[in-house]
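Chemist: sharing a model prediction with you, sequence too.
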Amino acid sequence: MAAILTSWRLAGGCLLLALLCGAGYLAGKSTADNRWQARWSQRDAADAREAARHQAQISALEARRRREIEQVTQHAQQQLSALQDDAAAARAGAERLRRELERLRQSRTTAAASGGGTTADGSVVLLTGLLAESVERNRQLAAEADRRRAAGMACQQAWQAMTDSQP
């Protein structure tokens, strides 16, 4: 009976030793898993911080580009407004010139009616008409050239703002 009791004790001791080894293994595995999980969490947090920092840089860059484009657009509008004011002044000058030519033509017509100079009258009328057409066409061309110049300069400034702000 003592042999059976000794065998049971031996079996119980082996079982206890196996349980302790299993528990030690599981505890070590759990500790290692926790360490790796902590490392992964730190890496994920660092990645998230880096992504947030990068997104903030991109947002700041886009905001700066947007402000630069708005400034270019505002500057182009101011230039266009100044060009339109200049064109209005040129139109007023052309209108004064046209009225002066019309007055001269009327005085020539009156002089021709009283003196009989029809050839000079025809020349003045022809020159007056040609000058009026020329002034109108020049005004149209100048307005278009001014508009295109302002648009081109705005485009160039916008491009410069975009290329200068490349990271």
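Modeler: Right, received. Where do you want to start? Residues are numbered from 1 along each chain as shown.
Chemist: just list what the helix or strand bottoming out on mean pLDDT in the chain packs against, helices and strands only.
Modeler: For the chain, using mean pLDDT, DSSP states H and E, the weakest element among its helices and strands is helix 118-164, scoring a mean of 79. Under the contact definition 3 or more Cβ pairs under 8 Å, 6 or more residues apart in numbering; DSSP states H and E, helix 118-164 sits against helix 2-115. Every residue, glycine included, has its C-beta placed from N, CA and C.
Chemist: tell me the angle the helix it packs on makes with helix 118-164.
Modeler: Angle of helix 2-115 versus helix 118-164, following axes from the mean of the first three to the mean of the last three Cα atoms, to 10 degrees, is 170 degrees.
Chemist: can you name every helix or strand that helix 2-115 contacts?
Modeler: helix 118-164.
Chemist: check the offset of the least confident helix or strand of the chain from the chain's centre.
Modeler: Relative to its chain's centre, helix 118-164 lies at 30 Å (Cα atoms, centre = their mean, to the nearest Å).
Chemist: and stretch 39-51, by the same measure?
Modeler: Relative to its parent chain, stretch 39-51 has a centroid offset of 33 Å by Cα atoms, centre = their mean.
Chemist: use 670 as the first number for this chain going forward.
Modeler: Renumbered: residue one is now 670, and that last one reads stretch 708-720.
Chemist: and the average pLDDT for that stretch is what?
Modeler: For stretch 708-720, mean pLDDT is 95.
Chemist: what do you get for stretch 750-766?
Modeler: So the average pLDDT for stretch 750-766 ends up being 82.
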